[in-house]
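Novice: I need the structure of the sequence given here:
(chains A and B, ligands or ions: 3)
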Amino acid sequence: MKLRKIENIDTTMFEQGIPIMAQLRDHHSTTRAETMFYDLTIKLCNEVMSAVKGGKPFVTNVMSFPTEIYWAMDIAGIEYDFIAGMFSLYMGNKDEIFTAAKSIGIRPEICSAQRAPIGWFAKGWYPKPTAIVNTSLCQCDNCAQNANIMGALYDVPVFCITRPYLFWTQKGLDFMTEEIKDAIEFLEKTTGHKMNYDKLSEATRLTKRQMEISVEIHNLIKTARPCPVKSGTGFLIHFLRMMYAGRQEGVDYCQAFLDEMKECVARGKGYTPEEKYRLVSCYTFPPGMHSLLDWMEQQGATLVAEPMYHYYNEAEVAKIDPSKPLEALARIFYTEPYHGFYGPYEVFSDMIINDAIQCGVDGAVNFFNTNCRMCGAVSRLIKDQLRDKAGISILTVDVDVMENSAAVEEELKKKLEQFFLVLDTAKSKKKVA
Amino acid sequence: MAEMLKTMEEIAKVNVSFPFTEPARKWKEQGKKIVGWICINVPEEVIHAAGMMPFRLTGGNEEISLDLANEYLFGGGTCSFSRTILELQLRGEYGFLDCIAGATPCEGVIRLAEVGSHYHNIPILPLLDTPRKFNDLAYKFYHGEVMEFKKNLENFFGVTITDEAIADSIALYNKTRKDLKKLHDLMKSDTPPLTGAEMLEVLNAAVRMPREDFNTLLEKLLEEIKTTGRTIPAAPRIMISGAVLNTPSFVKSVESLGVNVVVDDFCNGSRYWWEQVEAGDDPWKSLAKRYLLPKCSCPRINPPQNRTDWISQIAKDFRLDGIIALTMRCCAPYILNLPMWKTRLEDEGVTVLDLDIEYGGGFSGQIRTRIEAFVEMLSLEVEI
Ligand code: SF4
Ligand code: SF4
Ligand code: SF4
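Specialist: Numbering: from 1, shown residues only, chains lettered A, B, ... in the order given. Ligands and ions are numbered 1, 2, ... in the order given. A predicted model of the protein is given here:
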């Protein structure tokens, strides 16, 4: 096993992934926002390919890098873990990429989300970026380190933003602001493009707008009955916001998401025929399991609360000041609920508990990614806290985010069926009491 | 077979009753406090200057079942080092600690601290927030963290840590580091004075007893080596690499296959003693700098270049024939760092064996077979 520079980069596989997004749109989109999600993902992939082919800078990042920077610097960019994972999930090449990652020493204990892009680079399938940027997200060791491997495979420079553990303090904010400044300097040097700070201000204003709409979305989720959000779409809105941070398309998408919710509320209808089990999803529901979600809806189960994707703090959003774009980016980083999940355990446990209570859920599901060092590691703690502080039962299952086989789906259905029985019993006990 | 050194017997005795070692017991009998620490980013000097005994949290001399810990810390994503410590905490074996100090180096340690604080009753001080890089910004940030740590300790125990006390503690700990370096310099000889297993006994004892007493033992050991001229016969020279290892029996088994383990890069080994706290106007700033380990980085640090250079330098200084890289399951920092230096070292002519282990794990048949084959290969290379 040797980590050597990849000499032959062939993007055919990447390009073949793009039309698959269109197929997904055609087969699985039942809402306007979903259609937009796939269309915008396709657009971004095309931007990347035209930059690569046209000799324009292209930067790739791990989740949660402040991509407003790309827009303001006129750089094409995409998140490597998202796109490699999405493509492999639907292209059926998981074994190949994981074998390639293993061949350079990346063991299966590294979660599949972060092994997938390493595999894509090791195969030489990923378009060659001008630079790679990643973030520690404070705790996820995989996010903090994997870019080094990819940088070595393609011989491209890497920069990592370190995020403090206590991220919301002034000290944490100041540190992040400086880190973002360093990241911009790095990108200016490696891409030759200069930062346009006016454009960056505008980008932070647009992200703030996305967040304001997202606050409205969350407020509606809390109050509307039945739930006006389609289960599992939290994952989509989150990734779209990340990919289109600081861009008008991102705002339009969020607005479409909200408008559709409002339409649902006006019709007095949700996506589940009869809402029997309102659930909070503690982590990411296994992506790609569309038929499982459909089945759950038929059973009357809805993922009403997805705190990781919807739990915005309105007061913190209000503090984002586009006239100070660097600090605004640091604040955006901290205000994004997804990032709260990568901080001290109490922060995200409180988010889950509060969201569960505010959304009036009957139970919780924690489908955490197998080998996840974050949510998975503390799944017992989450379970105990939900029971003690909110009196809520939880189903905890580790399932690989890149595993959507029929067998796994059947297994999950069985577990969910048993869990629904537990919830039924709890409900009837409550009635008697 | 080299004769046993008398001082080594005394040192090994310290580790026998781990975790509540004999010296720790005596310390407590005097009514004094012990602060457990996790991870080498925690400046022990601050604890010492507060009048307490720093005690490193690790596993013991053998692998233990992790049934309790697995209940609370999911094994699929968390290393067995963290889970071993949690297991000992939950069993009450660390009950002699007055509190725990930790840092945020990696997720394993963070989750250990978070889960631990909910399920056992040893108070945990706020964690020192440890940046994953070393530059001016990180250094400034960490200085703030070290100052916070001082304040937290002072408040928790109702004591004051003076600048004089911290300067004295730094001098004391620098003396340890200097003498451990001296000891390791002797390992550069073709016929080193200690086995690798003995060296690990020394390193284990260092963090499980009052520092003044350890320094005395270390001086005595150096003196005894000098007077007896004790040597270990020449054999292929290897380094054991990994995140952390505390079981001398494992090293002994490796050496029984015909190699000398002359150095390591563990956080309880070389990374523990490699860098001095440099003298400066402000001892707190010097501490902050040293405890980010700019010269001998952990696998968690970005960019990884420093660490690669450091390992390459060790290989040259200690004239290594090979490296056994012990990769602990789920230790993401190490797993993702190893490929970064392995190829470079191999290109420089050092054979690297990549071995999966669990923390504290024994010398299984499979491990033996792989190391045997590795040693055979090295022996051939050494002969050529
Ligand atoms: S799944 Fe867990 S381990 Fe993997 S990238 Fe996400 S947080 Fe990190
Ligand atoms: S290798 Fe570094 S991060 Fe890991 S336990 Fe040791 S000191 Fe801590
Ligand atoms: S560095 Fe590795 S062994 Fe040490 S605590 Fe972190 S994950 Fe565990």
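Novice: contacts, neighbours, all on C-alpha from now
Specialist: Fine.
Novice: give me the pLDDT value at A:M1.
Specialist: Looking at A:M1, its pLDDT reads 65.
Novice: now the one 3 residues further on
Specialist: Among the per-residue scores, A:R4 shows a pLDDT of 92.
Novice: in its sheet, what does the helix or strand where B:M239 lies sit against?
Specialist: Secondary structure assignment for B:M239, by DSSP states H and E: strand B:237-242. Strand pairing for strand B:237-242, determined by DSSP bridges: strand B:260-264 (parallel), strand B:322-328 (parallel).
Novice: can you tell me the average pLDDT over the helix or strand that it is followed by?
Specialist: Next along the chain after strand B:237-242, taking DSSP H and E as the criterion, comes helix B:248-255. Across helix B:248-255, the average pLDDT comes to 96.
Novice: in helix B:248-255, which residues are buried?
Specialist: Across helix B:248-255, burial judged by 16 or more other CA atoms under 10 Å in any protein chain shown covers B:248-252, B:254-255.
Novice: can I get the strand holding B:M239 in PDB? Just the C-alpha atoms.
Specialist: Extracted as PDB, the C-alpha positions of strand B:237-242 are listed here (Å, rounded to 0.1, in the frame of the first residue of the first chain):
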ATOM      1  CA  ARG B 237      16.400  -1.700  15.300                       C
ATOM      2  CA  ILE B 238      12.800  -0.800  15.200                       C
ATOM      3  CA  MET B 239      10.500   2.000  16.200                       C
ATOM      4  CA  ILE B 240       6.900   1.200  17.400                       C
ATOM      5  CA  SER B 241       4.600   3.900  16.200                       C
ATOM      6  CA  GLY B 242       1.000   4.600  17.100                       C
END
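Novice: contacts for it?
Specialist: By CA atoms under 8 Å, 6 or more residues apart in numbering or on different chains, the residues outside strand B:237-242 that reach it are B:259-266, B:315, B:318-328, B:334.
Novice: so which bits of the stretch 151-300 of chain B are right by ligand 1?
Specialist: Residues of the stretch 151-300 of chain B lying close to ligand 1 (CA under 6 Å from any ligand atom): none.
Novice: so which residues on the stretch 151-300 of chain B come close to ligand 2?
Specialist: The stretch 151-300 of chain B comes close to ligand 2 at residues B:243-244, B:267, B:298, as judged by CA under 6 Å from any ligand atom.
Novice: at 8 Å instead, please
Specialist: Listed as neighbours of ligand 2 in the stretch 151-300 of chain B under the rule CA under 8 Å from any ligand atom: B:242-244, B:266-268, B:298-300.
Novice: identify, from those residues, the entry nearest to A:P117.
Specialist: The nearest member of those to A:P117, counting by CA to CA, is B:R300 at 19.5 Å.
Novice: what strand or helix carries the nearest residue to that closest one once chain neighbours are set aside?
Specialist: Residue nearest to B:R300 in three dimensions, not counting chain neighbours: B:P333, with 5.1 Å by CA to CA, 6 or more residues apart in numbering or on different chains. Assigned by DSSP H and E, B:P333 falls within helix B:332-347.
Novice: chain center to stretch B:149-166: distance?
Specialist: Relative to the centre of its chain, stretch B:149-166 is centred 25 Å away, using CA atoms, centre = their mean, to the nearest Å.
Novice: what does it contact?
Specialist: B:45-47, B:49-50, B:125-126, B:128, B:283.
Novice: now, which of the residues you listed sits nearest B:L217?
Specialist: Distance to B:L217 across the contacts of stretch B:149-166 (CA to CA) is lowest for B:E45, with 19.1 Å.
Novice: state the distance from that closest one to chain A.
Specialist: 23 Å (CA to the nearest CA, to the nearest Å).
Novice: and for B:P339?
Specialist: B:P339 sits 6 Å away from chain A, going by CA to the nearest CA.
Novice: what's the pLDDT at that residue?
Specialist: On the pLDDT scale, B:P339 is placed at 96.
Novice: residues of the stretch 1-150 of chain B that sit close to ligand 2?
Specialist: B:38-41, B:81, B:104-106, B:108-109.
Novice: one more: chain A?
Specialist: Proximity of chain A to ligand 2, by CA under 8 Å from any ligand atom, involves no residues.
Novice: tell me where chain B has strands.
Specialist: B:34-38, B:53-56, B:99-102, B:237-242, B:260-264, B:322-328, B:351-357 (DSSP state E).
Novice: and these, which is most packed in?
Specialist: Neighbour counts (mean count of other CA atoms under 10 Å in any protein chain shown) averaged over each of these peak at strand B:260-264, with a mean of 27.
Novice: that one close to ligand 3?
Specialist: No. For strand B:260-264, no contact with ligand 3 is found by CA under 8 Å from any ligand atom; the gap never falls below 14.9 Å.
Novice: that strand vs helix B:248-255, what angle?
Specialist: 130 degrees (axes from the mean of the first three to the mean of the last three CA atoms, to 10 degrees).
Novice: quick one: pLDDT of the residue of chain B found nearest ligand 1?
Specialist: Nearest residue of chain B to ligand 1 (CA to the nearest ligand atom) works out as B:G77 at 7.6 Å. Here the pLDDT value assigned to B:G77 is 84.
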